[in-house]
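Chemist: What would the 3D arrangement of this be:
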Amino acid sequence: MKRIFLIVLDSFGIGAMPDAPAFGDINVNTLGTISQSPRFSVPNLQKLGLFNIDGVTCGEKSPAPLARIARMTERSAGKDTTIGHWEIAGVCSPTPLPVYPHGFPEEILSAFSAATGRGILCNAPYSGTEVIKDFGEEHLKTGSLIVYTSADSVFQIAAHEDIVPVDELYEYCRIARGLLTGRHGVGRVIARPFTGAAGSFVRTPRRHDFSLKPPAPTMLDALKEAGKSVIAVGKIYDIFAGQGITEHVYTSGNAEGIEKTCFYLDKEFEGLCFINLVDYDMLYGHRNDIDGYAAAMTAFDEKLPEIMAKMREEDLLMITADHGCDPGYTVSTDHSREYTPFLLYGKKAAPKNLGTRETFADIGATVLQYFGIRQDFDGTGML
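Modeler: Take a look at the predicted model:
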């Protein structure tokens, strides 16, 4: 039985793409930044060939990498989670998803307020931790929802769990998702519940993303139609709005994501286990926490031997990312337009440097190639 474990290290970029300045990103390099931290140690990724990938100038190259390696280029016009994952799965986005640097238009907010019966606070690009610090107290007094965005295509709703129960907040997100279509079709509506008192508000792990459906069939759909399992771990289910997925489990962070990966390595199935490890982006990249990001990469590297030891004869392990989020780039706290790594390890996959690829879609093409399934999107298999 063939199985693929595709792990997305959310935001683990490896250097600026040539068009990065057009996205406001100058000399960004997530890997380069965190490699300078004393908390960064990835000997197992080094053995696989991370530092042998084209363009990577930090770290020590392996004399004999264990994996097939490549530098992945994003063809889509963006640098956000949604279109990054869509492209990995074979769907490129030639036009960017809408963003709102000056807040959302009144036509959207008035319709949303009327549908929920609640007022609106903020309506501006904001840090998720700062927005509850600045508007949380007023939210407690009025019950109005904290609506904010970022440089990404997101409509985020923050609410205290004592004021708006989590299930009610999710329903508000579904209402917003129904309103945000067409030219206002943002990539994700995100529930951001929090708890605590004024001066000590904290976000809870009950975040939930409500994404657009992919505009075309993905490799997930092709796998499902071929009768294969498509198991989503973490926020993968939300990113694809459930499309093409046969089983899913949410996680509270990297540790649980790795735990669930090990669980599925011990489970009988044939198909794909698609995992997103979100902490790099959510907890460290967006907060310019270099040491925290480095330590999280070290923790993943420490679990790699256990993951690899559980692999069977026909298993493939793929490690990649969906965009960058350089924690050392203090011009902003947003994602960065970067190349991403690709590491393919398996007993049946001979090591090779595959150079720089033209699109993330080569990953989806490789998945389908392994299972002998015809693909209907751009992308070239790498086997």
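Chemist: And stretch 72-84, what's buried?
Modeler: Judged by neighbour count using 16 or more other Cβ atoms under 10 Å, the buried positions of stretch 72-84 are 72-76, 78-84. (Each C-beta comes from the backbone N, C-alpha and C, glycine too.)
Chemist: what's the answer for stretch 176-188, then?
Modeler: 176-177, 179-180, 186-188.
Chemist: Likewise for stretch 355-373?
Modeler: Those would be 357, 359-371, for stretch 355-373 by 16+ other Cβ under 10 Å.
Chemist: In helices, which of the buried residues of stretch 176-188 appear?
Modeler: In this view, these that belong to helices under DSSP state H are 176-177, 179.
Chemist: These into a markdown table, with extra columns for pLDDT and distance to A114?
Modeler: A markdown table is the format used below for these (pLDDT from 0 to 100; distance: Cβ to Cβ, whole Å):
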| residue | pLDDT | distance to A114 |
| --- | --- | --- |
| A176 | 98 | 12 |
| R177 | 96 | 16 |
| L179 | 96 | 10 |
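Chemist: Pull the top helix by length along the chain out as CSV, backbone CA atoms only.
Modeler: Under DSSP H, the helix in the chain containing the largest number of residues is helix 290-310. The C-alpha trace of helix 290-310 is given here as CSV (Å, rounded to 0.1, in the frame of the first residue of the first chain):
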residue,chain,number,x,y,z
ILE,A,290,13.5,34.7,15.7
ASP,A,291,14.5,32.5,18.6
GLY,A,292,11.0,31.0,19.0
TYR,A,293,10.9,30.1,15.3
ALA,A,294,14.4,28.6,15.5
ALA,A,295,13.5,26.5,18.5
ALA,A,296,10.3,25.3,16.8
MET,A,297,12.3,24.1,13.8
THR,A,298,14.8,22.4,16.2
ALA,A,299,11.8,20.6,17.8
PHE,A,300,10.6,19.4,14.5
ASP,A,301,14.0,18.2,13.5
GLU,A,302,14.3,16.2,16.7
LYS,A,303,11.1,14.3,15.8
LEU,A,304,12.2,13.5,12.3
PRO,A,305,14.1,10.3,13.2
GLU,A,306,10.9,9.0,14.8
ILE,A,307,8.8,9.9,11.7
MET,A,308,11.3,8.3,9.4
ALA,A,309,11.6,5.2,11.4
LYS,A,310,7.9,4.6,11.2
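Chemist: Which elements pack onto it?
Modeler: Other elements packing on helix 290-310 under the criterion 3 or more Cβ pairs under 8 Å, 6 or more residues apart in numbering; DSSP states H and E are strand 3-9, helix 30-34, helix 43-48, helix 254-265.
Chemist: so how far is the second one off the chain centroid?
Modeler: Okay, so that is helix 30-34. 17 Å (Cα atoms, centre = their mean, to the nearest Å).
Chemist: what comes into contact with it?
Modeler: 11-15, 40, 50, 56-59, 285, 290, 293-294, 297, 324-329, 336, 338, 341 (Cβ atoms under 8 Å, 6 or more residues apart in numbering).
Chemist: Please, where are all the strands along the stretch 1-150 of the chain?
Modeler: Here the stretch 1-150 of the chain has its strands, by DSSP state E, counting those that start in this stretch, at 3-9, 68-72, 120-125, 145-149.
Chemist: what packs against the longest one?
Modeler: Just to be clear, that refers to strand 3-9. Using 3+ Cβ pairs under 8 Å, 6+ apart, strand 3-9 is in contact with helix 81-88, helix 254-265, strand 271-277, helix 290-310, strand 315-320, helix 361-371.
Chemist: Ok, the last one next?
Modeler: Contact here means 3+ Cβ pairs under 8 Å, 6+ apart; on that basis strand 145-149 packs against helix 106-116, strand 120-125, helix 128-142, strand 154-160.
Chemist: With the second one instead?
Modeler: Identification of packing neighbours for strand 68-72 by 3+ Cβ pairs under 8 Å, 6+ apart yields strand 340-345, strand 352-357, helix 361-371.
Chemist: Go again with 6 Å.
Modeler: strand 340-345, strand 352-357 (3 or more Cβ pairs under 6 Å, 6 or more residues apart in numbering; DSSP states H and E).
Chemist: One more: the third one?
Modeler: Under the contact criterion of 3+ Cβ pairs under 6 Å, 6+ apart, strand 120-125 touches helix 128-142, strand 145-149.
Chemist: Export the first one to PDB, keeping only CA atoms.
Modeler: This file holds the C-alpha atoms of helix 128-142, laid out as PDB (Å, rounded to 0.1, in the frame of the first residue of the first chain):
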ATOM      1  CA  GLY A 128      -3.900  39.800  16.300                       C
ATOM      2  CA  THR A 129      -2.400  40.100  19.700                       C
ATOM      3  CA  GLU A 130      -2.500  44.000  19.700                       C
ATOM      4  CA  VAL A 131      -6.000  44.200  18.400                       C
ATOM      5  CA  ILE A 132      -7.500  42.400  21.500                       C
ATOM      6  CA  LYS A 133      -5.300  44.500  23.700                       C
ATOM      7  CA  ASP A 134      -6.600  47.800  22.200                       C
ATOM      8  CA  PHE A 135     -10.200  46.900  21.600                       C
ATOM      9  CA  GLY A 136     -10.900  44.000  24.000                       C
ATOM     10  CA  GLU A 137     -12.200  46.200  26.900                       C
ATOM     11  CA  GLU A 138     -14.600  48.000  24.600                       C
ATOM     12  CA  HIS A 139     -15.800  44.700  23.200                       C
ATOM     13  CA  LEU A 140     -16.500  43.500  26.800                       C
ATOM     14  CA  LYS A 141     -18.600  46.600  27.400                       C
ATOM     15  CA  THR A 142     -20.500  46.700  24.100                       C
END
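Chemist: ok, and for it, which residues are buried?
Modeler: Neighbour counts using 16+ other Cβ under 10 Å place 128, 131-132, 134-136, 139 of helix 128-142 among the buried residues.
Chemist: and the angle for the longest helix of the chain with strand 271-277?
Modeler: Angle, helix 290-310 to strand 271-277, by axes from the mean of the first three to the mean of the last three Cα atoms, to 10 degrees: 160 degrees.
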